[in-house]
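Visitor: Kindly generate the corresponding structure for this input.
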Amino acid sequence: MKRIVLLIALASIAIAPAAMAQSDIGIKNLGLAVGYVSPENIDGTFTIGGFADLGTMAPNLGLEARLDYWSWSQSQFGSEVRVSDVILGARGKYYFETANPRLRPFAGAGLAMHIVSFEETIPAFPPFPAETFSSSDTKIGLDIGGGILTPINPRTDFLGEAWYSIVSDWGQFSLRAGVQFKIGS
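Guide: Reported below is the predicted structural model:
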């Protein structure tokens, strides 16, 4: 077992300089996206977010950081329930080679931290006063998905994507569309 671990470590050390020579990490593009998210056990809702294209780790393998937000609420019999999620994550995207260089389809995966908040407000009902219950939990999620990137003009790209996030005991499907703007030259 120790020999296998040592062999993997030595192989990693040998491969790392070649991978670093091909990487181009840094903020390349900044973007905004809007979409639809459908968390399990509640109705779908609107989502908004921002992202940064952080360049490539290897040929055709990009890195993206993102910050997204969605909120859902429902009111029945005077009682109101609200759920929201702030998502901070990173994704790796593999860009497939195509005959048309303007179309860049990709598949990817990533990890994200979800700050999920829940609040319920129950109105006063004599002789009982109004009450509010709230909780917040931080969960780690795994994102799996893909999409397509295509230029609108030399400095702006259109992004369309679909992702499924597995967040500990529940998941959420999202469809997003956005634009990214090239930074620098």
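
Visitor: tell me the contacts of residue 70?
Guide: Contacts of residue 70 were listed using CB atoms under 8 Å, 6 or more residues apart in numbering, and they are 37, 39, 45-48, 84-85. Bear in mind the C-beta positions are built from the backbone N, C-alpha and C, glycine included.

Visitor: And the strands in this protein, which stretches?
Guide: Along the chain, the stretches classed as strands by DSSP state E are 24-39, 45-58, 61-76, 79-95, 104-122, 131-153, 156-167, 170-182.

Visitor: could you give me the average pLDDT of the second one?
Guide: In this model, strand 45-58 has an average pLDDT of 94.

Visitor: And it, what does it pack against?
Guide: helix 2-22, strand 24-39, strand 61-76, strand 170-182 (3 or more CB pairs under 8 Å, 6 or more residues apart in numbering; DSSP states H and E).

Visitor: how about it: buried residues?
Guide: Applying a neighbour-count criterion of 16 or more other CB atoms under 10 Å, one finds 45, 47, 49, 51-54, 56-57 buried in strand 45-58.

Visitor: Tell me the one among the residues you listed nearest to residue 128.
Guide: residue 45 (30.6 Å; CB to CB).

Visitor: Can you pull the phi and psi angles for the most far-flung residue of the chain relative to its centre?
Guide: The outermost residue of the chain relative to its centre, with distances by CA atoms, centre = their mean, is residue 127 at 46.1 Å. Residue 127 adopts backbone torsions of phi -90, psi 10, taken as degrees, to the nearest 10.
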